[in-house]
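# what would the 3D arrangement of this be:
(one chain, ligands or ions: 2)
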Amino acid sequence: MTSITVDPELCVLCGLCTGVCPPNALELAPERLEVRDHCTGCGWCVPYCPVGALSGGRPRRDRGRG
Ligand code: SF4
Ligand code: SF4
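Ligands and ions are numbered 1, 2, ... in the order given. So this is what the prediction gives:
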């Protein structure tokens, strides 16, 4: 399954992305951000990260098609 990647060097654990994921697949753990197995790889959360720690997922232009 397509998933997204969190760069732990960049992530400041602000938790902002956890509130925007439609299936609630992002979870803030004490020392890291976890991407749960049910992440669909939709890419929705990627642009919300203020420090660019999220990458991957489907490109925005593909959303809503097919
Ligand atoms: S890619 Fe989509 S499903 Fe996966 S964590 Fe981001 S918003 Fe959630
Ligand atoms: S929005 Fe970015 S910096 Fe904040 S918890 Fe998510 S991945 Fe980390």
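# can you list the buried residues in stretch 41-49?
42-46, 49 (16 or more other CB atoms under 10 Å). Quick note: C-beta positions are derived from backbone N, CA and C, even for glycine.
# an error on my part: the question was meant for stretch 14-29.
17-18, 21, 25-26.
# excluding chain neighbours, what is closest to residue 41?
Nearest non-adjacent residue to residue 41, counting by CB to CB, 6 or more residues apart in numbering: residue 2, 2.9 Å away.
# do you know the pLDDT at the one you found?
For residue 2, the model assigns a pLDDT of 71.
# check which helix or strand it maps to.
Under the criterion DSSP states H and E, no helix or strand holds residue 2.
# for it, give me its contacts.
40-41, 56-58 (CB atoms under 8 Å, 6 or more residues apart in numbering).
# before we move on, what about residue 51?
In this structure, residue 51 makes contact with 10-12, judged by CB under 8 Å, 6+ apart.
# which of the residues you listed are buried?
The neighbour count (16+ other CB under 10 Å) marks residue 11 as buried among those.
# which among the contacts of residue 51 are in contact with ligand 2?
For ligand 2, the contacts drawn from these by CB under 6 Å from any ligand atom are 11-12.
# on that earlier part again, now, the buried residues of stretch 41-49 that are in helices?
Assigned to helices by DSSP state H, none of the buried residues of stretch 41-49 qualify.
# tell me which of those residues is nearest to ligand 2?
Each of the buried residues of stretch 41-49 was scored against ligand 2 by CB to the nearest ligand atom, and residue 49 proved nearest at 3.2 Å.
# name the nearest residue to that closest one, ignoring sequence neighbours.
Computed as CB to CB, 6+ apart, the closest residue to residue 49 that is not its neighbour in sequence is residue 17, at 5.5 Å.
# surely residue 56 is in contact with residue 5?
Yes. Between residue 56 and residue 5 there is a contact under CB atoms under 8 Å: 4.8 Å.
# and the buried residues of stretch 14-29, which two are the farthest apart?
Spatially, the most separated pair among the buried residues of stretch 14-29 is 17 and 25, at 9.9 Å (CB to CB).
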